[in-house]
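A.B. asks: have a look at this fold, sequence not included:
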């Protein structure tokens, strides 16, 4: 049954601000705007040849895009209630989606444009091949609506192939999110689609998605590739700048902005230029003074961090619940896709008992894949997501004991109950059942994670990672893993980590590694290794001269105290708990910015790009003019001092940390840890191009 979707601002009831939801109206406004745009498009008939209702089939360029639009945008997963037949579960079948009533059952189904060609394709983890829809459903389709990402030209080619091979007379609607690039527009002309009478091309300006109340994602999974591999970051820069302007339109002007890294400077430059362009067409322009003055004190600051500044952290294994869940299962836009037996093993227990024991019987068991939400709408997950692996197991066990005890207290026959108590208990039965279902899900997922983390290979990998971070060379272990056909993406993560931490790998040794990788995993990995060299994730050290530069990471490790081996992982007092002793470099940079950069110039010299620290003005100025007009006293003031001037007795100011190139769950947990600490002067909101891990980052380069 379809879940009604509210599209009225009057229906939105905002919760009070908290450390993990500092601006409740921000996520509500973005959800409402994104949802209205998508609903308007789906309800609009793209062709005049069809009068009245029409039926459409939705085709998506990737499974990630389908999950994003149908599970995150079309409905709010944080407020969804499972009703009717779904009261005993809180998941959906992988390819089943809830549609608003306002669409009048116009959607006949969904498909993926093109299944991944191999298990090594980017984004292929967790993707399930789908069977074709029934013949009747296809025959009664009037419109094929394609949702496509412009930075993946393969999706446009796949859509063109589908259009040219479709025999039935239908209308094809191509929808680019957020908008087609110049390259895509030229491709559409070359493919004969731009002027085709049965093809329409449109765009949806969806460029900022509230994945959590404190995490906002552009879902731009090609950011690092566009910047470091293709060297064509223009679309990335424009998309990021436009998304941040939308963010600022809701929150109000952000006075103080810092940037670290070359990509951060490019985005800031475009961001300020677009601010100027908007102002020049503003009707209020004539009323303003000609000279620009600093904006009044605000309760917000912003910090841009280029992923290139810290490539080490994505290669390190996280040890928080959400981080391990992402590593083991894969979290996609706040959802995981797993076999139903993983979270509900008792359902098919009887079938297991009655299975044939005939060893010659080769019937293949079919898995039922389901989509389970893992986001703040699940209050238990919100509590456990950032806990360390040594804590979340006992925490879930204590939750189970508390739930059992509360149920036993009421059902105790020795204690009489009055009518009011009975009535109250009956009202709580649905809540109790849902809490039990949620707890059962996470206990089974925790068991899956525990089984993975207790393997000898997992512990060896963690110990090797720590050795590499501390400056040791672990070539023999790498060689052993390659020859033993260790999972290829784990090997590549470790190879990149070794290179990043040691300042490179000796050329002759790297050639040996490359030969072994080709022999063990196939020739297709030659191209992967080439891309890793191009991005700087792997660097050769030539043997005929002495490399006197050393490793910049080794210097940063000492200066920023990235290793804290004595950290308490159960009751932590430092962000390094997220990996049992390694503090993410990016998070240490945030702490340094709050303390001030005056005495830390040696740290900045080790980072790519330069530090920019500006104040926005009114009327707005471009970056060059801003740097010329602002005084040096601005940059001498730490973000911590700025926060004290903006703080009130009851609320902290807000620091918006923007990650260009993606953020890991390890970094999210560390930033949340800071945000909740009374001694940290800011509440933190995270904006990222994408939530990533080491595997997804490497796969996105291809």
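C.D. replies: Perfect, thanks for sending it. Remember, predicted model here, so these are calculated numbers, not experimental data.

A.B. asks: can you show me the strands along the stretch 1-150 of the chain?
C.D. replies: Counting by DSSP state E, counting those that start in this stretch, one finds strands in the stretch 1-150 of the chain at the ranges 56-60, 91-93, 107-112, 143-148.

A.B. asks: just name the most buried of those.
C.D. replies: Each of the strands of the stretch 1-150 of the chain was scored by mean neighbour count; the highest is strand 143-148, a mean of 24, by mean count of other Cβ atoms under 10 Å. All C-beta atoms are positioned from the backbone trio N, CA, C, and that covers glycine.

A.B. asks: give me the mean pLDDT for it.
C.D. replies: In this model, strand 143-148 has an average pLDDT of 95.

A.B. asks: packing partners for it?
C.D. replies: Judged by 3 or more Cβ pairs under 8 Å, 6 or more residues apart in numbering; DSSP states H and E, strand 143-148 is in contact with strand 56-60, helix 153-165, strand 171-176.

A.B. asks: residue 557 reaches residue 563, doesn't it?
C.D. replies: Yes: taking contacts as Cβ atoms under 8 Å, residue 557 lies within contact range of residue 563: 6.5 Å.

A.B. asks: who's more crowded, the two?
C.D. replies: Counting neighbours by other Cβ atoms under 10 Å for residue 557 and for residue 563 shows that residue 557 has the greater number, 21 against 16.

A.B. asks: which pLDDT value does the model give the more buried one?
C.D. replies: On the pLDDT scale, residue 557 is placed at 96.

A.B. asks: next, the buried residues of the helix or strand containing it.
C.D. replies: Assigned by DSSP states H and E, residue 557 falls within helix 552-559. Counting neighbours by 16 or more other Cβ atoms under 10 Å, one finds that the buried residues in helix 552-559 are 553, 554, 556, 557.

A.B. asks: output the helices and strands packed on strand 143-148 in CSV; the columns should cover mean pLDDT and distance to residue 261.
C.D. replies: Supplementary listing: these in CSV, determined by pLDDT from 0 to 100; distance: least, Cβ to Cβ, whole Å:
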stretch, mean pLDDT, distance to residue 261
strand 56-60, 94, 32
helix 153-165, 92, 27
strand 171-176, 96, 28
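
A.B. asks: ok, which of those comes nearest residue 578?
C.D. replies: When those are compared by Cβ to Cβ, strand 56-60 sits nearest residue 578, at 33.1 Å.

A.B. asks: which other helices and strands contact that closest one?
C.D. replies: Based on contacts counted as 3+ Cβ pairs under 8 Å, 6+ apart, the elements that strand 56-60 packs against are strand 107-112, strand 143-148.

A.B. asks: can you rerun that using 10 Å?
C.D. replies: Identification of packing neighbours for strand 56-60 by 3 or more Cβ pairs under 10 Å, 6 or more residues apart in numbering; DSSP states H and E yields helix 63-67, strand 107-112, strand 143-148, helix 153-165, strand 171-176.

A.B. asks: past the last one, which element shows up next along the chain?
C.D. replies: Okay, so that is strand 171-176. Next helix or strand after strand 171-176 toward the C-terminus (DSSP H and E): helix 182-190.

A.B. asks: show me what that following helix is packed up against.
C.D. replies: Going by 3+ Cβ pairs under 10 Å, 6+ apart, helix 182-190 lies up against helix 153-165, strand 171-176, strand 199-203, helix 234-251.

A.B. asks: follow-up on the earlier one: so which of the helices and strands packed on strand 143-148 gets nearest residue 227?
C.D. replies: Closest of the helices and strands packed on strand 143-148 to residue 227 is helix 153-165, at 16.9 Å (criterion: Cβ to Cβ).

A.B. asks: any idea how far residue 641 lies from residue 604?
C.D. replies: From residue 641 over to residue 604 the distance is 18 Å, taken as Cβ to Cβ, to the nearest Å.

A.B. asks: then residue 511?
C.D. replies: Residue 511 sits 35 Å away from residue 604, taking Cβ to Cβ as the criterion.

A.B. asks: I figured residue 231 hits residue 263, correct?
C.D. replies: No: taking Cβ atoms under 10 Å as the definition, residue 231 is not a contact partner of residue 263, at 11.7 Å.

A.B. asks: would you mind telling me which of these two has more residues around it?
C.D. replies: The neighbour count for residue 231 versus residue 263, taken as other Cβ under 10 Å, is higher for residue 263 (29 against 8).

A.B. asks: run a quick neighbour tally on the residue nearest to that one when sequence neighbours are not counted.
C.D. replies: What sits nearest to residue 263 in space, not counting adjacent residues and going by Cβ to Cβ, 6 or more residues apart in numbering, is residue 306, at 4.3 Å. Residues contacting residue 306 under the criterion other Cβ under 10 Å number 25.

A.B. asks: figure out how far the helix holding residue 557 is from the centre of its chain.
C.D. replies: Taking Cα atoms, centre = their mean, to the nearest Å, one finds the center of helix 552-559 at 28 Å from the center of the full chain.

A.B. asks: which SSE is immediately downstream of that helix?
C.D. replies: Downstream of helix 552-559, the first helix or strand assigned by DSSP H and E is helix 585-595.

A.B. asks: which parts of that following helix are buried?
C.D. replies: Across helix 585-595, burial judged by 16+ other Cβ under 10 Å covers 585, 586, 587, 588, 589, 590, 591, 592, 593, 594.

A.B. asks: distance to residue 458 and pLDDT for these - can I get that in a markdown table?
C.D. replies: Rendered in a markdown table, the data for those read as follows (distance: Cβ to Cβ, whole Å; pLDDT from 0 to 100):
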| residue | distance to residue 458 | pLDDT |
| --- | --- | --- |
| 585 | 23 | 98 |
| 586 | 25 | 98 |
| 587 | 24 | 98 |
| 588 | 26 | 98 |
| 589 | 29 | 97 |
| 590 | 29 | 98 |
| 591 | 29 | 97 |
| 592 | 32 | 96 |
| 593 | 34 | 96 |
| 594 | 34 | 96 |
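
A.B. asks: residue contacts, the closest residue to residue 159 other than its chain neighbours?
C.D. replies: Computed as Cβ to Cβ, 6+ apart, the closest residue to residue 159 that is not its neighbour in sequence is residue 146, at 4.7 Å. Applying Cβ atoms under 10 Å, 6 or more residues apart in numbering to residue 146 gives the contacts 57-61, 111, 113, 155-156, 158-160, 162-163, 172-176, 199, 201.

A.B. asks: same check on residue 438?
C.D. replies: If you count contacts by Cβ under 10 Å, 6+ apart, residue 438 has them with 90, 372, 373, 378, 379, 380, 381, 399.
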